[in-house]
Every structure is written in C-alpha cells, then in structure tokens.
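**Student:** No sequence on hand, only this structure:
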C-alpha cells in the first residue's frame, strides 16, 4: 500500500441544498492505493474564511481513480449531534493548540452498509463543523479528517472482512476565522439564505 500527496483544490458540485465549494479553498488532496484500488480523498470548506460564531460546512470527498467498480462502508450514527462516529475531525489552531471535541452524547445505533463508487465517481459526506468543535478565537485553523476505509469490488461479499482493501485515509484543509463583526451579519445572512431556502433543506 502506498500514498501519494497531491497539492491542489477543485470545484465541488454539492447537492442542491448546499453551496458550491470555492475553487480557491486551500485544501490538500491525498491519493491512496491498495491492491489495484486507487482513491483520492479531500476535505473542502464551503468558504475559506468565516468570522467567529459563523457556522461552516465541510465536504469530505472520496473519488474512485481506478477502473474498477468499487463500494465502501458508509452510513450514519444516531447520537445527540448526529455526528458520524466512524470519522475523526481534528481542529488545530496556528499555534499548535488542538481544540477539544464536543461530546456527542450516547450512541443509539444507526445505519451502515456498502456505498457504490464507480470509476471516476466522487462521493461526498457533509460535515457540520460545530458538531465537532467550537471556534471562539480568530486565527488560522487546520482541519484534518481521518477515517478507516474498506474498499470492495462491486458485488463482493461485504460481510467478509478478509476480501476488503483496508486503507486509513486522511485529508486536511485550512480556514481563516476573522474577529466577530456585527457589521458583517447582513452579508452572512445573505450568504446562508440561498442554501436554507433550497427545496431539499
């Protein structure tokens, strides 16, 4: 198994209920390979800069760079925050301080199963940053998302762990958090109005 770092960013076409991720968002794409399977993983914020107190969504994307039809385990968790417990998100301030994670409360189960990923297809999971950490001070923050990924050929038995290609994947991005400014509130509201009024919201 080998890993290749690729610097860069891309425009992410998200579902209708969310905004288009900005092409200039600073992100680090990573490519992972195992036994003929090859995927690219990246983490993109909706906006590269927010102010203190403004919420933010992140898009954790997995793209199949190979020629095989694959599937991987994915799903949801039922807890107080609705935060997927199979994902890890680290929020680190520019001085090296790692912010404490919020307690999601007790787990009440959830759903987990195979998610198809055809060649060239990109699958995105939306992450709501306040579900993990609360940023209370302005500055530059590095966000790092990790997960264990089990890749299967399409049609293989996902109940047999020995047939999986197991990868520990990671992707990072950087955001700027500006001081709270009441004069910017109208612009923040305008920025969120479109997604919140979307038909799938």
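**Tutor:** Yep, it's here. Fair warning: this is a prediction, and the values are worked out from it, not measured in the lab.

**Student:** Next, the contact list for residue 89, please.
**Tutor:** If you count contacts by CB atoms under 8 Å, 6 or more residues apart in numbering, residue 89 has them with 58, 101, 127, 129, 132-133, 143-146. No exception for glycine: its C-beta is placed from N, CA and C like everyone else's.

**Student:** Now do the same for it: helix, strand or coil?
**Tutor:** Following DSSP: H, G, I helix; E, B strand; the rest coil, we place residue 89 in the strand state.

**Student:** bridging residues for it?
**Tutor:** Taking DSSP bridges, one obtains residue 145 as the residues bridged to residue 89.

**Student:** now do the one 4 residues further on
**Tutor:** Beta-bridge partners for residue 93, by DSSP bridges, are residue 141.

**Student:** Report the contact partners of it.
**Tutor:** 99, 137, 139-141 are the contacts of residue 93 under CB under 8 Å, 6+ apart.

**Student:** any idea which of those residues has the most stuff around it?
**Tutor:** Per-residue neighbour counts (other CB atoms under 10 Å) across the contacts of residue 93 peak at residue 141, which has 20 neighbours.

**Student:** how about the helices in the chain?
**Tutor:** For the chain, applying DSSP state H gives helices covering 185-196.
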